[in-house]
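**Student:** With the sequence up front, the predicted model follows.
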Amino acid sequence: MITVNDIHVTFGRGTPLEKHALRGVDLTIPEGQFVTVIGSNGAGKSTFLGSLAGDVIAEQGSISIDGIDVTRWATPKRAGLVARVFQDPMVGSCTALTIEENMALAASRGRKRGLGLALGHDRRHHFRDRIAELGLGLENRLHDRMGLLSGGQRQAVSLLMATLSGSKILLLDEHTAALDPGTAEFVLGLTRRIVQENGLTTLMVTHSMRQALDYGDRTVMLHEGRIVLDVSGEERAGLDVPHLLALFARQRGGEDITDDSLLIG
Amino acid sequence: MSEIAFFGAVEIGLVYALVALGVYLSFRVLDFPDLTVDGSFPLGAAVAATLLVAGVNPWLASIAAALAGSVAGLVTATLNVRFKILHLLASILTMIALFSVNLRVMGRPNVALLMQDTVLTPFYGLGLPDHVVRPLVVLLVVVVVVLLLARFLASEFGLAMRATGVNARMARAQGVQTDFHIYTGMALSNGLCGLAGALFAQTNGFADVTTGIGTIVVGLAAVIVGETVLPARAMLWALVGCVVGSILYRLAVQLALSADVIGLQASDLNLVTALLVAVALILPRVRLKKAGAAR
């Protein structure tokens, strides 16, 4: 359960480049809901996700996760509650460390890290079983460096890593944007499966309206730092990409949509 | 090269192996280019020598030297993490400050250890020649340090420290308090350099405020030579590589200095060191280029 209450974020306050990125976002996401977030470039999608993860601290408003007020918490502290998969596979994993070392890092998310071995016998065994579930044959490559994997494999492992510590919230920041269409399809399918199996409360930022409607059970559109559209249930089931575009255009006062990236997919 | 010169080179190589391990921690594990080393090494020597002259137990004096080095590392880390000063500059500030601190600690530019008991004293009477005993004792210390360090880096805490150096953003997203790991790593790194300084003072019989100059280059040279000779991926072997690199580097320098044909003098040491490191840094690039051209 995530409750976001009227959060504001401004970058470069007091400089000529001041940008009011979030202007009062309110959103309540019940446990287990899968929300897709769309919006044009600069709409505040990534800032919103960042403010949930702790990368960006909201200057006004409050954020609570599972009833705990985390508004002032920095990223490492929130990590125990929130798992994340980044757009760039290079950002989301340690390329110079092995696959199992990456998994060990993720498995201790939100726990105190002591002087016990990071990779004991039991843990290795457990990781082997878990990574075999991906069906990518990676169970025999646990000692390989993460950097040797393809982008798709790395995102798949990142998704798996998100489930290792038992946190209940998953933030996906355009996690398939850097992949080719076939691989993106595979990773999205995997995302759906992992979210369902673990009953995760999920927020997925995407550039594609198609993906936004095909996956999850609620869609939120951001524009200029505000939520301008929030659909779920039957209303959403009846929506198609052209409808969504029309709704979006109406929100903007009949203005035509010129942002190509919004139309892709 | 005479037998004594050979053991001498191995001995000094082993002492600087501790510096190499420290440099490996800062430069390689944390990705923190740290020049504090040039100050924390003579700081260790100064603290150990002063305490020995005051009659303190040699092992306690050595531990105190290591702790002093750690504090120096913490100062650099604080300047960088807390006050956002560029890491290189932060470490130079600490290094410069330590020059004065070292003079204060000793009260004069150098301290001689003539009659004082050192960690080596108990081992001198065991029948082996002194020039063999010294490297053996230092080797013992180095082996213990390598094993402890390898185990540390394989722990959950150590793994988080490695992740901090490789990808701090990802580490934070995995709940790693990256700042804390930088503090710890820098304290550990400079603590090793302080310990190296303490052993240097005890094996050579003096502490001098100028011994620190170029320590970082020597440490880096050892790390690079080690990586070239032992390109290992396993952590333990990477650490062993630092030790081997340090000894090989000293032997190479000794060889260069003792070959009369080249006409080098002991005072050319720093020039030779800088040239060796430059060559070691340039070689891999040239090799890469050649490989690229061949394709």
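**Tutor:** Arrived safely.

**Student:** Chain B contacts on chain A?
**Tutor:** Proximity of chain A to chain B (Cβ under 8 Å from any Cβ of the partner chain) is limited to residues A:53, A:74-77, A:79-80, A:84, A:86, A:91-97, A:101, A:104-106, A:108-111, A:113-119, A:145. All C-beta spots, glycine's among them, are computed from the backbone N, C-alpha and C.

**Student:** Helix or strand with the lowest mean pLDDT in chain B?
**Tutor:** For chain B, using mean pLDDT, DSSP states H and E, the weakest element among its helices and strands is helix B:269-294, scoring a mean of 75.

**Student:** buried subset of the residues of chain A next to chain B?
**Tutor:** The neighbour count (16 or more other Cβ atoms under 10 Å in any protein chain shown) marks A:53, A:75-76, A:79-80, A:84, A:86, A:91-97, A:101, A:104-106, A:108-110, A:113, A:118-119, A:145 as buried among those.

**Student:** Relative to B:V176, how far out is the residue of the stretch 1-150 of chain A found nearest chain B?
**Tutor:** Relative to chain B, the nearest point of the stretch 1-150 of chain A is A:A79 (3.3 Å; Cβ to the nearest Cβ). According to Cβ to Cβ, to the nearest Å, A:A79 stands 8 Å off from B:V176.

**Student:** With A:G32 instead?
**Tutor:** 28 Å.

**Student:** The two: which is more packed in?
**Tutor:** The residue with more neighbours, out of A:G32 and B:V176, is B:V176; 25 against 15, by other Cβ atoms under 10 Å in any protein chain shown.

**Student:** quick one, phi psi at that one?
**Tutor:** Torsion angles at B:V176 (phi, psi; degrees, to the nearest 10) stand at phi -80, psi 130.

**Student:** Hmm, it is touching A:L105, no?
**Tutor:** Yes - at 7.3 Å, B:V176 and A:L105 qualify as touching, with contact defined as Cβ atoms under 8 Å.

**Student:** Please identify every residue contacting each of these two.
**Tutor:** Overlap of the contact sets of B:V176 and A:L105 (by Cβ atoms under 8 Å, 6 or more residues apart in numbering or on different chains) consists of B:160, B:163.

**Student:** Show me what the least confident helix or strand of chain B is packed against.
**Tutor:** helix B:215-229, helix B:235-258 (3 or more Cβ pairs under 8 Å, 6 or more residues apart in numbering or on different chains; DSSP states H and E).

**Student:** Quick check: which of those is buried the most?
**Tutor:** Counting by mean count of other Cβ atoms under 10 Å in any protein chain shown, helix B:215-229 has the highest mean neighbour count of those, with a mean of 24.

**Student:** Can you pull out the low-pLDDT segments for chain B?
**Tutor:** For chain B, the stretches flagged by pLDDT under 70 are B:288, B:291-295.

**Student:** residue boundaries of the helices in the stretch 51-200 of chain B?
**Tutor:** B:58-81, B:87-106, B:121-124, B:130-153, B:156-166, B:168-173, B:178-204 (DSSP state H, counting those that start in this stretch).

**Student:** which of the residues in the least confident helix or strand of chain B are buried?
**Tutor:** Of the residues in helix B:269-294, B:273, B:276-277, B:280 count as buried by neighbour count, 16+ other Cβ under 10 Å.

**Student:** If we only consider these, which is nearest to B:E11?
**Tutor:** Ranked by distance to B:E11 (Cβ to Cβ), these are led by B:T273 at 17.5 Å.

**Student:** wouldn't that closest one be in contact with B:A221 here?
**Tutor:** Yes - with contact defined as Cβ under 8 Å, B:T273 and B:A221 form a contacting pair (6.3 Å).

**Student:** B:A266 against B:L257, yeah?
**Tutor:** Yes - using Cβ under 8 Å, B:A266 makes contact with B:L257 at a distance of 6.2 Å.

**Student:** contacting residues around the residue nearest the centre of chain A?
**Tutor:** Geometric centre of chain A, nearest residue: A:L172, 1.5 Å, by Cα atoms, centre = their mean. By Cβ under 8 Å, 6+ apart, the residues touching A:L172 are A:84-85, A:191, A:202-205.

**Student:** quick one: which of those is most hemmed in?
**Tutor:** Counting neighbours by other Cβ under 10 Å, the top entry in the contacts of A:L172 is A:R84, with 30 neighbours.

**Student:** On the three-state scheme, that one is what?
**Tutor:** strand (DSSP: H, G, I helix; E, B strand; the rest coil).

**Student:** ok, now how distant is it from A:S167?
**Tutor:** To A:S167, A:R84 is 10 Å away according to Cβ to Cβ.

**Student:** what does B:A90 give?
**Tutor:** 35 Å.

**Student:** likewise B:D130?
**Tutor:** As judged by Cβ to Cβ, B:D130 and A:S167 stand 60 Å apart.

**Student:** These two: who's more crowded?
**Tutor:** Between B:D130 and A:S167, counted using other Cβ under 10 Å, A:S167 has the larger neighbour count: 24 against 11.

**Student:** Report the contact partners of the closest residue to the more buried one other than its chain neighbours.
**Tutor:** Of all residues beyond its chain neighbours, the one nearest A:S167 is A:A83 (5.0 Å), with distances taken as Cβ to Cβ, 6 or more residues apart in numbering or on different chains. Going by Cβ under 8 Å, 6+ apart, A:A83 touches A:106, A:109, A:161-163, A:165, A:167, A:169-171.

**Student:** now chain A, which segments are flagged as low pLDDT?
**Tutor:** Along chain A, the parts satisfying pLDDT under 70 run over A:251-265.

**Student:** which stretches of the stretch 101-250 of chain A form helices?
**Tutor:** Secondary structure of the stretch 101-250 of chain A (DSSP H, counting those that start in this stretch): helices at A:121-132, A:151-163, A:181-198, A:209-214, A:233-237, A:241-251.

**Student:** okay, the ones you listed in JSON lines with distance to B:V141 next?
**Tutor:** Putting these into JSON lines (distance: least, Cβ to Cβ, whole Å) gives the following:
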{"stretch": "helix A:121-132", "distance to B:V141": "31"}
{"stretch": "helix A:151-163", "distance to B:V141": "39"}
{"stretch": "helix A:181-198", "distance to B:V141": "49"}
{"stretch": "helix A:209-214", "distance to B:V141": "59"}
{"stretch": "helix A:233-237", "distance to B:V141": "68"}
{"stretch": "helix A:241-251", "distance to B:V141": "69"}
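
**Student:** so which of these gets nearest B:F152?
**Tutor:** When the helices of the stretch 101-250 of chain A are compared (using Cβ to Cβ), the closest one is helix A:121-132, at 17.9 Å.

**Student:** who does that closest one touch, helix- and strand-wise?
**Tutor:** Where contact means 3+ Cβ pairs under 8 Å, 6+ apart, helix A:121-132 is packed against helix A:99-107, helix A:151-163.

**Student:** Determine which stretch of those is the most buried.
**Tutor:** Taking mean count of other Cβ under 10 Å, helix A:99-107 is the most buried of those, at a mean of 26.

**Student:** Among the contacts of A:L172, which one lies nearest to chain B?
**Tutor:** Distance to chain B across the contacts of A:L172 (Cβ to the nearest Cβ) is lowest for A:R84, with 5.0 Å.

**Student:** So that closest one sits against A:A162, correct?
**Tutor:** Yes - shown here, A:R84 and A:A162 form a contact pair, counting by Cβ under 8 Å, at 6.9 Å.

**Student:** what is in contact with these two at once?
**Tutor:** A:L170.

**Student:** Find the nearest non-adjacent residue to the closest residue to chain A within chain B, please.
**Tutor:** The nearest approach of chain B to chain A comes at B:G175, 3.3 Å away (Cβ to the nearest Cβ). Once flanking residues are discounted, B:G175 sits nearest to A:A79: 3.3 Å by Cβ to Cβ, 6+ apart.
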